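[1] Okay, predicted coordinates and the sequence, questions at the end:
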Amino acid sequence: MNLFMPEPMHTTSCRVLYGDTDAAGVVYYANYLRFFEKGRTEYMRDLVMTYHEIESQGLMLPVIECYSRYKAPAFYDDLLLIETSLVELKNVSCRFNYRIYRNDSSGARTLLAKGYTVHASVNRDNRLTRLPAQLLEKLGRILKTSPNP
């Protein structure tokens, strides 16, 4: 699957902890979803607003769909680069794409995983609800478009 990564693309880094690895010494596959979350959280913090600010408006953005394709293993103490892009915006949902790389000591980057997450907009009663106008506007400016219904 080819995952389009439109600008602005946000990059953040994290180091693999020992607890991120499995008995084989490689990063446990489900932890890549945590890395996606780190990338998305920092993307939102730097370009839109914090999740704390979103939740203070009575809104949550749970994951309703995810996909991950693994290309190469990551190991304890690897420095990972997480690239995140907003790729789709609807009135009640949004989608982010991700790529995770390892920076080798020589400066070469190795693609480890790529994937996406889709998030629904729900209120505190867990009912699907329209994204607030302020959030739609900020996300729409990033995509340079208005949301699809």
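    Good, I have the coordinates.

[2] Show me the helices in the protein, by range?
    All helices of the chain, identified by DSSP state H, fall at 31-47, 51-55, 133-143.

[3] JSON lines for those, including distance to Phe75?
    The C-beta positions use only the backbone N, C-alpha and C, and glycine is treated the same way. Formatted as JSON lines, these follow (distance: least, Cβ to Cβ, whole Å):
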{"stretch": "helix 31-47", "distance to Phe75": "12"}
{"stretch": "helix 51-55", "distance to Phe75": "29"}
{"stretch": "helix 133-143", "distance to Phe75": "34"}
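
[4] most tightly surrounded among these?
    Mean neighbour count (mean count of other Cβ atoms under 10 Å) peaks for helix 31-47 among the helices of the chain, with a mean of 19.

[5] Would you mind pulling the contact partners of stretch 41-50?
    8, 10, 12, 51, 54, 82, 84, 86, 96, 135, 138-139, 142 (Cβ atoms under 8 Å, 6 or more residues apart in numbering).
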